[in-house]
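Colleague: Got a predicted structure plus its sequence, pasted below:
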Amino acid sequence: MSAALEVRGLTTQFSTRKGAVTAVNDVSFSVQPGRILGLVGESGSGKSVTGFSIMGLIDEPGRITAGEVLVQGTDMRSLSAEGRRQMRGRNVSMVFQDPMMTLNPVLRVGDQMAMAVRVHDKVSKAAAWDRAREALEIVGIPAPAERLQAYPHQLSGGMRQRVAIATALLHRPAVILADEPTTALDVSIQGQILAEVRRLADETGTAIVWVTHDLAVVSSLADDIAVMYAGRIVESGSAEAVIAHPRHPYTRGLIDSVPGLHEPGRDLPQIPGSTPQLANLPSGCPFRPRCPRATDICATIPPNTGTEAHSVLCHHPIEAT
Amino acid sequence: MTDPILKIDGVSKRFTRKPGLVVRGLDRLSGRDSTQTVHAVNDVTLSVPRGEVLGIVGESGCGKSTLGRVVSGIYAPSAGSVTLEGKPVARELRGNVDKLTTRVQMIHQDPFASLNPRMKVGEIIAEGPRIHGLIPAREVQERVRSLLEQVGLEGAYANRLPHQFSGGQRQRVAIARALAMQPELLVLDEAVASLDVSIQAQVLNLFMKLRRELDLTALFISHDLSVVRHVCDRVAIMYLGRVVETAPADELYAKPLHPYTEALFASVPTLGTGRAHFHPIKGEIPSPIDPPKGCAFHPRCPLAGPRCKTEVPRLVNPKDNRSVACHLHDGGTGAETGAAA
Amino acid sequence: MPEIVAENIAAVPSAPPVETRAERLRNFWSDFRESWVAVGALIVIGVLLFLSFGAPLVSPQDPYDMAALDWLDAFLRPGTEGSGGYVHLLGTDNAGRDMLSAIFYGLRTSFVIGLSAGALALLVGIAVGLTAAYFGGRIEALLMRIVDLQLSMPAILLALVLVAMLGQGVAQIILALVVAQYAYFARTTHGAAKVERGKDYIEAARSTPLPTHRVLFKHLLPNVLPPLIVVATVQVASAIALEATLSFLGVGLPLTEPSLGSLISNGFKYIHSDRYWLSIYPGLALMVTVVAINLVGDQVRKVLDPRNSR
């Protein structure tokens, strides 16, 4: 089965006063239909920029300088701007952290969703509204016909995000990129949306890339995980393997930092230092200044020392058990 | 249990939005009242003994942040009182809040907005104690330096501006600023929510260390259940302005009593291996402007009975150190008995 | 290999210092320099300031010293030599005044009035805007209603009325201009202050608790100043134009005090009779000054815009 989304060697740079900053550095991964890939990282990891790069939403002073983004086999980078516009919404769509980045506050929900339908398909307005209603049903919104008549500000945050997800689904894209869509929502609402998303991937076969910093969400939602640090993927594999047997010291440190796994009141294992400053990365492995396992050889970029199924970019990976 | 130093007694905080002049005139003519009132905090009673860290947990609209601000003296309560060792924290003076004590200090959520961008970090820390005469002038510099070191930063950083620090470092500065005032009580309002996970661990460790060294008393407001479990002795769960349950942290997480607490714990994904089965709470969080009648949680509660729709449950104590506001646990009639009139 | 374990809270290495004040100024200047038009305008303003404040030194004649004037020198064309033995580069007016000197002195008045009125209006506007934003409630409603009312009236109208009441003279004009212009500063200050007031650091300062005046002047005010710089440059230009208008209309400075407006007004009757130089050159000088200040202010606004991600 060919991959719904395949990213090869993606590199995105921003030019700043201090020179070029590489936000995404040689990132490669693939997602099969119906699978959910969790892209995990903290500030400066490049996870959001990766999502925007895949969608072709990077503007000056940023540029994609290398790599291929294959959506159902077609390289987005080789297309013209118009070609990319055709793909967006139809073959690959995106859900943002703030649903108001998707929703226009002065238009009714039905109107904007119908517009989104008719951009790619020449159908009547009535037919477009019908499709919009269907999409709202798929994401589990009760009384969808009424919701279509509402303006975004009349809906709660969770509802708006569901509408944004429904909008992303209008053309049944092969790939959906979700950039921290539940981070700003309440815990109980997040639970509802996660359940819907999982059901969606299972039932419609959509491939989903879920960008987040929340390890708990990713461990319960995703099939596969890729961990990013300073623009690179430092570890990737199945969610089970990466969470239960992390091989990169950063992943291990990240998992250890979560309070839930430790006895209350005791000091949490912590990763020393601060999150990386992309303008000022050390040579070699970007995690080196904070890594307890670092040695001299870490001054060179580490190769993939893991397996095909569970890769890790480290000179001294933690032993596989 | 040692004597409580913080007493929150029947505190309510209402925010009213008065409509504009024109609408008010129309209201007068038609006999309506367009004033919208939000009961952000509704009849909350809590007490915190010295040396305890009390966690306040809830989702949007539960009132935890507002409660934190009332305790810090930023808002004056609409009803009830907040006292620290018997003395009130703030009072209303000509429509403005007059904070009466320096003994309660707050640490805010957003490290990028809680420090004056135009003041050096050392000045920020020294300002309060200097103005209140807590430290003699010639000792100020030394004290700032030692505070910075105590929170894990170098003393030389006193001359830097906030934008030269990362989020986690700014929170450390905020902690130093609070400690410089030698407070009896710290209020941490989602103090680690904006931080990356790895930095959050650092700041939590710092807080626990300082708590041990200085025997701090604190109110830890958060939406993150696992963080609260880790650092708090006791936890209070809030929903739509009311406290629905309080208990020692380990007992609460082992056996929650209130249906909301139970549902909340079940709906939060935890870090474990394998894809979990999700158990979301059904329904939306109601708006605090128009809360449901009776028990605010009844529309979403799987165990709701007729009484829950009409009667607001009161906080009762099924055990000495636990309290819960739910008809199912009021030691008698349960949820079936409808209210009399 | 050591595992990552809990360790003592070690000192956290800080991010390298991002920008010191000197670097920020340097960055500001290099951003500003990107517009050669603005740099040109800045140079022009510099030259004008020098010529106007150095008027007594650089002018061939003091046009307001009655003793130095000679009726015989009236209406000399630009480039003609006069009885004083020097060339009148821009000609002379009906009283024999050297136009070039008159323009220098006039510019001096323009700058003095424009800068003082601007500075005073800034102070009054900040006071009103800060008070309204900090205290809120009825005080805010009252103050901002007054400000709104004023903003809905053309400044020139307001200035005319005030000058009619106060009479002529430098101090009266400055007062009229301040009353006419403080509203722009008040509104900008109020807007910025409301935004900052909602931020946590103000709340933290209040809940220390710090006295109100300290919160206002040490915390709120310094963070509200940046947008005011832009407004200030534009308002100075506006004040200069307003004063010239008033003088042109005859209700500003009297003819015995130098003003570009009154020069223009004085020469107005001759504009169709081939003696263009009495009005045109003062008019050009006024226009160049106002446009240059606006161009500089525009570039400053662009550079200070927080959306400028550099």
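Modeller: Here it is on my side, so go on.
Colleague: what stretches of the chain score poorly on pLDDT?
Modeller: In the absence of a named chain, chain A is used. For chain A, residues meeting the criterion pLDDT under 70 lie at A:1, A:321.
Colleague: looking at chain C here, not the other one
Modeller: Ranges of chain C meeting pLDDT under 70: C:1-21, C:306-310.
Colleague: quick check: longest helix of it.
Modeller: Across chain C, the helix with the greatest residue count (assigned by DSSP state H) is helix C:99-135.
Colleague: What are the contacting residues of the strand or helix carrying residue A:50?
Modeller: Under the criterion of DSSP states H and E, residue A:50 resides in helix A:47-55. By C-beta atoms under 8 Å, 6 or more residues apart in numbering or on different chains, the list of residues contacting helix A:47-55 from outside reads A:5, A:7, A:10, A:12, A:23-24, A:27, A:39-41, A:58, A:62, A:64, A:69, A:76, A:88, A:92, A:94, A:177, A:179-180, A:209, A:211-213, A:228. Quick note: C-beta positions are derived from backbone N, CA and C, even for glycine.
Colleague: how many other residues sit next to the closest residue to residue B:300 other than its chain neighbours?
Modeller: In space, and not counting its chain neighbours, residue B:300 is closest to residue B:283: 4.1 Å by C-beta to C-beta, 6 or more residues apart in numbering or on different chains. Residue B:283 has 14 neighbours, counted by other C-beta atoms under 10 Å in any protein chain shown.
Colleague: ok, so what distance separates residue B:283 from residue B:260?
Modeller: Here residue B:283 is placed at a distance of 12 Å from residue B:260 (C-beta to C-beta, to the nearest Å).
Colleague: just for chain B, where's the confidence low?
Modeller: In chain B, residues with pLDDT under 70: B:1-3, B:95, B:272-276, B:331-341.
Colleague: mind listing the helices in it by residue range?
Modeller: B:21-30, B:64-72, B:121-131, B:140-150, B:167-180, B:197-214, B:225-231, B:249-254, B:259-267, B:306-310.
Colleague: does chain C sit close to the second one?
Modeller: Yes - if you take C-beta under 8 Å from any C-beta of the partner chain as the test, helix B:64-72 does meet chain C, through residue B:72.
Colleague: which helices and strands sit right next to that helix?
Modeller: Using 3 or more C-beta pairs under 8 Å, 6 or more residues apart in numbering or on different chains; DSSP states H and E, the elements in contact with helix B:64-72 are strand B:4-17, strand B:36-49, strand B:53-57, strand B:104-107, strand B:185-189, strand B:217-222.
Colleague: and if you look at the third one?
Modeller: Applying 3+ C-beta pairs under 8 Å, 6+ apart, one finds that helix B:121-131 contacts helix B:140-150, helix B:167-180.
Colleague: in it, what's buried?
Modeller: If you call a residue buried by 16 or more other C-beta atoms under 10 Å in any protein chain shown, then helix B:121-131 has these buried ones: B:121, B:122, B:123, B:124, B:125, B:126, B:127, B:128, B:129, B:130.
Colleague: what about residue C:97, distance to residue A:2?
Modeller: Taken as C-beta to C-beta, the span from residue C:97 to residue A:2 is 89 Å.
Colleague: I should have written residue B:6 there, sorry.
Modeller: 63 Å.
Colleague: cool, residue A:94 as well?
Modeller: With C-beta to C-beta as the criterion, residue A:94 and residue A:2 are 22 Å apart.
Colleague: what about the two, which has more around it?
Modeller: Between residue A:94 and residue A:2, counting by other C-beta under 10 Å, residue A:94 is the more crowded of the two (24 against 10).
Colleague: okay, now the domains of chain A?
Modeller: A:5-91+A:173-312, A:103-170 (automatic domain parsing).
Colleague: can you redo those domains as CSV with mean neighbour count and distance to residue C:172?
Modeller: Below are the domains of chain A laid out as CSV (neighbours: other C-beta atoms under 10 Å in any protein chain shown; distance: least, C-beta to C-beta, whole Å):
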stretch, mean neighbour count, distance to residue C:172
domain A:5-91+A:173-312, 20, 49
domain A:103-170, 18, 50
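Colleague: Any chance of the ones you listed in CSV with distance to residue B:162 as columns?
Modeller: As requested, the domains of chain A are exported to CSV (distance: least, C-beta to C-beta, whole Å):
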stretch, distance to residue B:162
domain A:5-91+A:173-312, 15
domain A:103-170, 30
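Colleague: Just the element for the single nearest residue of chain A relative to chain C, please.
Modeller: Closest contact between chain A and chain C, by C-beta to the nearest C-beta, is at residue A:267 (4.2 Å). Assigned by DSSP H and E, residue A:267 belongs to no helix or strand.
Colleague: Please tell me how far it sits from chain B.
Modeller: Look at residue A:267 and chain B: by C-beta to the nearest C-beta, to the nearest Å, they are 5 Å apart.
Colleague: now residue C:216
Modeller: Counting by C-beta to the nearest C-beta - residue C:216 and chain B are separated by 13 Å.
Colleague: How about residue A:123?
Modeller: The value you get for residue A:123 to chain B, if C-beta to the nearest C-beta is used, is 32 Å.
Colleague: Now do the contacts for that residue.
Modeller: A:117, A:131.
Colleague: Can you get me the start-to-end distance on stretch B:57-64?
Modeller: Stretch B:57-64 has an end-to-end distance of 7 Å (C-alpha to C-alpha, to the nearest Å).
Colleague: ditto for stretch C:72-82
Modeller: End-to-end for stretch C:72-82, by C-alpha to C-alpha: 9 Å.
Colleague: Mind listing what's buried along that stretch?
Modeller: Buried-residue list, stretch C:72-82, by 16+ other C-beta under 10 Å: C:73, C:75, C:76, C:78, C:82.
Colleague: same question, stretch B:49-60
Modeller: B:50, B:52, B:53, B:54, B:55, B:56, B:57, B:58, B:59, B:60.
Colleague: residue contacts, residue 232?
Modeller: Since you didn't name a chain, this refers to chain A. So residue A:232 contacts A:25, A:26, A:27, A:46, A:286, A:313 (C-beta under 8 Å, 6+ apart).
Colleague: That was the other one, I meant chain B.
Modeller: B:53, B:54, B:55, B:220, B:249.
Colleague: In the stretch 51-200 of chain C, which residue sits closest to chain B?
Modeller: Taking C-beta to the nearest C-beta, the stretch 51-200 of chain C has residue C:200 as its residue nearest chain B, at 3.9 Å.
Colleague: so that residue sits right up against residue B:106, yeah?
Modeller: No - the criterion here is C-beta atoms under 8 Å, and residue C:200 misses it with residue B:106 at 9.1 Å.
Colleague: quick one: contacts of the helix or strand encompassing residue A:111?
Modeller: Assessed by DSSP H and E, residue A:111 sits inside helix A:109-120. The contact list for helix A:109-120 (C-beta under 8 Å, 6+ apart) reads A:86, A:89-90, A:103-104, A:107, A:123, A:125, A:127-129, A:131-133, A:135, A:147-152, A:155, A:163, A:166-167, A:170-171.
Colleague: No further questions, thank you.
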